[in-house]
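[1] just the structure for this:
(2 chains)
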Protein chains: 2
Amino acid sequence: MDLADSVALRKIYDEALLRGQSYENLRYLTGTIGARLSGSPQAQQAVEWGKLTMEKAGFDRVYLQEVMVPHWVRGKKERGEIVGNKGKEVKVPVCALGGSVGTGGKLKAGVVEVRSFDELRALPEAAVKGKFVFFNRPFDDALIEPGTAYGRAGDQRRSGAIEAARRGAVGALVRSLTSARDDNPHTGTMGYDPAVTKVPAAALSTNAADRLSLLLKANSELEFELEMECETLPDVKSYNVVGEIKGSKLPEEIITVGGHLDSWDLGQGAHDDGTGVVQSMEALRLLKAAGYRPERTVRAVLFMNEENGNRGGMEYARLAAQNKENHLAAIESDGGGFTPRGFNIEADPATVVKFNQWTPLLAPYHAGSVKAGHGGTDIGPLKDAVKPKALIGFDGDSQRYFDIHHTSADTFDKVNRRELELGGAAMASLIYLLSKYGL
Amino acid sequence: MDLADSVALRKIYDEALLRGQSYENLRYLTGTIGARLSGSPQAQQAVEWGKLTMEKAGFDRVYLQEVMVPHWVRGKKERGEIVGNKGKEVKVPVCALGGSVGTGGKLKAGVVEVRSFDELRALPEAAVKGKFVFFNRPFDDALIEPGTAYGRAGDQRRSGAIEAARRGAVGALVRSLTSARDDNPHTGTMGYDPAVTKVPAAALSTNAADRLSLLLKANSELEFELEMECETLPDVKSYNVVGEIKGSKLPEEIITVGGHLDSWDLGQGAHDDGTGVVQSMEALRLLKAAGYRPERTVRAVLFMNEENGNRGGMEYARLAAQNKENHLAAIESDGGGFTPRGFNIEADPATVVKFNQWTPLLAPYHAGSVKAGHGGTDIGPLKDAVKPKALIGFDGDSQRYFDIHHTSADTFDKVNRRELELGGAAMASLIYLLSKYGL
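    Numbers count the residues shown, from 1 in each chain, chains lettered A, B, ... in the order given. Predicted coordinates for the structure are as follows:
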């Protein structure tokens, strides 16, 4: 490290803060294209837009990687109602979890509330059979990182339908994965077990969950009526979009930086993960604009299908292994476009030590925090496939993230221009250092 | 420092994150009371509410400190228009700067644009006389801290009217102090020189400033018409609100924590400085709720009139000196209720070293950053009056602050509950350490 590195980083930040393009790119992706669930026409538009945007930016090579992706659609009708509450019906905000089967018309049943799978398993079969299981364990708000709370509450959404059906339930109602108390239901992926009946699964907004819980206390016999027309259609052909700047000295060593192009169908997929997409493209543009030709090859990858399958991430890794590529490191931005703190890193201790030497260069930009943590879902499959020295997750301040995550409120207006551009600059700076010094 | 400190901080954070009251207090202050410029009925309501809230919280002593404050009012009419642009009139968003005289009906004049006082002084008198001076130097967006950009652009707002009038201008038009490009004019305090004619001063939104600049390039003869009915009325009696928990071992040593109760009249004074007010009260409540009786006396002070006079801050310091009080340290939160980073500190080097010993306790909460910097306007007068060992400013992430600062957009919905409560917890944690160990 020398003074030139310090100057280079300042150039990168100047370019990002004075002439950054992440924000205007995001405006187009979220506003003109909009939500882009895998298999949707908007996902295809996003692929074409991503390719065109990187071609215009003048990267050395821009290409697509074909991949078949799941095609789940929400359908038109989506309705939830608490009934049998002394004759009064209470409509509540619900949304199907991604991947759920529909209800096939109206599905009305009693409700049994639990906080955990253990609690569910301890119930007598008669208490569950023919009912909805209502998974209502809230976020642990005392945790400083909302992402940790998300992880700990996530089993309810991911496997609630399986656990409910195993006990004879007709469906799963899941408290939205958020600390916020509001009327936005949070969707997100859920799975089925081939050996277990597929029952519908819906998220309730936190206000709706609190209300249902309260009403159940007064009347354990009340019923819930759910109607959802969601369904899974045949797989659709889609693409990862890859833009590349060839390394000047070690072109065979690859640094990947990416986000995911697909999003949930509610909202606009702004923080999840439009911001990661535009930051990844911007990181390469910033290097070029700052007059820096990387020593190693740098690739911006706009992954397809992170949300409900990770097919893009798996295909990228499969091709990397098949082509015997040499991957130095991969960086992902998929925690929202918030003010940077630094990076999470999955690497051996010696690599982390090396990485830590750079923190004094990043600290003046409030991006000097390095901690052990998750790299990212899209880049995850690279680990086994080509063994990069480090998987790195961009780490921004996440206190606001789960208020809007996977909801209709994840829109462009929730993104701050400076916070977003600072993130792209932090990622470009790290790529500069990785490319120059290796790991 | 010992394990007990670590446990104490965790208790404080648990209380803040699980049962924090800052957010609901802020909802009332901003939503039910609203904007509260010094001298307004809302400012008086805020005084009464602050006193009542701290009495209900069960602090040992709650009292008012009387102070006379300026009473400037915006008036009804406030209008700006670009005229003479080939017969077309363009209405643009303007607002009077706080303290400005009115225009006394419509004031129409040519416009001369400058970027600095030096540029203004270098102009021939004829180029300025009888015109509006349009101060249009933008924020330096390359700076990482928006607060620094605010400081560097601030002379235009503070002294623009004086410099304009010195050269014979009829008024000052000032580009809003923000990086954002939008239609919100930003108000803020401005001053006059008794030896120079008082001319009206207005802020233009950044979009309006960009438009005026563009139109001036096409037609340097265009005119601007300004109409403002603002005026300064006689001073009004108001109050600081003080809540106190008496120290158990060294009651004569005082730690002050405060924010300012007054706000500009646009918006709701949410981030500026409703958040500082509720966090200061909350810091004391958190200590009590966590079962901790401070060794030194801790005072929450809701200062009056920070925005346009700092009379409350000066009176608090005057009384402290008059009563020969022993002030250990003072903390202020007046940079918005955003995610904490740590604290800015004004102190001698030995004190800073001592302070730095605590950062490992604060780092797990992302509040471990300590850097030299401004304590706060309200606590500033304490420095000369009673020489506390440290003036400390709560430091949160400020990238979003100047988008809304002093505008109609500084409203409750811009505040995130977790970010706000984390700030109160950081302040309470610091008070715990200051009270236990001194400086």
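
[2] for A:Gly274, helix, strand, or coil?
    Three-state assignment for A:Gly274 (DSSP: H, G, I helix; E, B strand; the rest coil): helix.

[3] likewise for A:Ala172?
    A:Ala172 is classified as strand under three-state DSSP.

[4] kindly state the beta-bridge partners for it.
    A:Ala172 has these beta-bridge partners by DSSP bridges: A:Val133, A:Ala201.

[5] hang on, isn't it packed against A:Gly160?
    Yes - under the criterion of Cβ atoms under 8 Å, A:Ala172 makes contact with A:Gly160 at 4.1 Å. From N, CA and C alone the C-beta is placed, and that goes for glycine too.

[6] more neighbours, those two?
    Comparing A:Ala172 with A:Gly160 by other Cβ atoms under 10 Å in any protein chain shown, the one with more neighbours is A:Gly160, at 30 against 27.

[7] who are the packing partners of whatever helix or strand A:Ala350 lives in?
    Per DSSP states H and E, A:Ala350 falls inside helix A:349-356. The contact analysis (3 or more Cβ pairs under 8 Å, 6 or more residues apart in numbering or on different chains; DSSP states H and E) places helix A:349-356 against strand A:340-347, strand A:369-372.

[8] for the last one, buried residues please.
    Residues of strand A:369-372 classed as buried by neighbour count (16 or more other Cβ atoms under 10 Å in any protein chain shown): A:Ser369, A:Val370.

[9] re the thing from before, how big is the angle separating the helix holding A:Ala350 from strand A:340-347?
    160 degrees (axes from the mean of the first three to the mean of the last three Cα atoms, to 10 degrees).

[10] how far away is A:Phe135 from A:Leu173?
    As defined by Cβ to Cβ, to the nearest Å, A:Phe135 lies at a distance of 7 Å from A:Leu173.

[11] oh, that last question was meant for A:Leu29, not what I typed.
    Using Cβ to Cβ, A:Leu29 is found at 33 Å from A:Leu173.

[12] same thing with A:Glu421?
    40 Å.

[13] about what we covered before: got the contact list for the helix holding A:Ala350?
    A:Phe343, A:Ile345, A:Ala347, A:Val370, A:Ala372, A:Lys389, A:Ala390, A:Tyr437, A:Leu439 (Cβ atoms under 8 Å, 6 or more residues apart in numbering or on different chains).

[14] check the offset of that helix from the chain's centre.
    In terms of Cα atoms, centre = their mean, to the nearest Å, the centre of helix A:349-356 is found 27 Å from the chain centre.

[15] the helix ranked longest in chain A vs strand A:340-347, what angle?
    Assignment by DSSP state H gives helix A:417-437 as the longest helix of chain A. Using the same axes, to 10 degrees, the inter-axis angle of helix A:417-437 relative to strand A:340-347 is 40 degrees.

[16] nearest spatial neighbour of A:Ala289, chain-adjacent residues omitted?
    Once flanking residues are discounted, A:Ala289 sits nearest to A:Glu15: 4.7 Å by Cβ to Cβ, 6 or more residues apart in numbering or on different chains.

[17] for the one you found, grab the count of nearby residues.
    As a burial measure, A:Glu15 scores 24 neighbours (other Cβ under 10 Å).

[18] so for the helix or strand hosting it, what gets flagged as buried?
    Element membership of A:Glu15, judged by DSSP H and E, is helix A:3-19. Buried residues in helix A:3-19, defined by neighbour count with 16+ other Cβ under 10 Å: A:Asp5, A:Ala8, A:Leu9, A:Arg10, A:Lys11, A:Ile12, A:Tyr13, A:Asp14, A:Glu15, A:Ala16, A:Leu17.

[19] and if you look at stretch A:245-254?
    Those would be A:Ile245, A:Gly247, A:Pro251, A:Glu253, A:Ile254, for stretch A:245-254 by 16+ other Cβ under 10 Å.

[20] also stretch A:412-424?
    For stretch A:412-424, the neighbour count (16+ other Cβ under 10 Å) marks A:Phe412, A:Lys414, A:Val415, A:Asn416, A:Arg417, A:Arg418, A:Glu419, A:Leu420, A:Glu421, A:Leu422, A:Gly423, A:Gly424 as buried.

[21] coming back round to it: thought the residue nearest to A:Ala289 was touching A:Leu287?
    No - the pair formed by A:Glu15 and A:Leu287 falls short of the contact definition of Cβ under 8 Å, at 9.3 Å.

[22] returning to what we had before: possible to save the buried residues of stretch A:412-424 as a markdown table with pLDDT?
    Output for the buried residues of stretch A:412-424, formatted as a markdown table (pLDDT from 0 to 100):
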| residue | pLDDT |
| --- | --- |
| A:Phe412 | 98 |
| A:Lys414 | 97 |
| A:Val415 | 98 |
| A:Asn416 | 98 |
| A:Arg417 | 98 |
| A:Arg418 | 98 |
| A:Glu419 | 98 |
| A:Leu420 | 98 |
| A:Glu421 | 98 |
| A:Leu422 | 98 |
| A:Gly423 | 98 |
| A:Gly424 | 98 |
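
[23] export those residues to a markdown table and tack on distance to chain B?
    Shown next, in a markdown table, are the buried residues of stretch A:412-424 (distance: Cβ to the nearest Cβ, whole Å):
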| residue | distance to chain B |
| --- | --- |
| A:Phe412 | 14 |
| A:Lys414 | 11 |
| A:Val415 | 10 |
| A:Asn416 | 5 |
| A:Arg417 | 8 |
| A:Arg418 | 5 |
| A:Glu419 | 5 |
| A:Leu420 | 9 |
| A:Glu421 | 9 |
| A:Leu422 | 7 |
| A:Gly423 | 11 |
| A:Gly424 | 14 |
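
[24] out of the residues you listed, who's nearest B:Ala321?
    Among the buried residues of stretch A:412-424, A:Arg418 lies closest to B:Ala321 (Cβ to Cβ), at 41.2 Å.

[25] list the pairing partners of the lengthiest strand in chain A within its sheet, with orientation.
    Counting residues, the longest strand found in chain A (DSSP state E) is strand A:231-245. Here strand A:231-245 has these sheet partners by DSSP bridges: strand A:61-73 (antiparallel), strand A:296-303 (antiparallel).

[26] quick one: A:Val7 from chain B, how far?
    Plainly put, A:Val7 is 14 Å away from chain B if you go by Cβ to the nearest Cβ, to the nearest Å.

[27] with A:Ala320 instead?
    From A:Ala320 across to chain B, the span is 35 Å (Cβ to the nearest Cβ).

[28] what residues does chain A have near chain B?
    A:13-14, A:17-18, A:141-142, A:144, A:146, A:179-180, A:339, A:341, A:364-366, A:397, A:399-400, A:403, A:416-419, A:422 (Cβ under 8 Å from any Cβ of the partner chain).

[29] which residues touch the closest residue to A:Arg137 other than its chain neighbours?
    Spatial nearest neighbour of A:Arg137, excluding adjacent residues (Cβ to Cβ, 6+ apart): A:Arg115 at 4.3 Å. A:Arg115 makes contacts with A:Phe135, A:Asn136, A:Arg137, as judged by Cβ under 8 Å, 6+ apart.

[30] okay then, goodbye and thanks.
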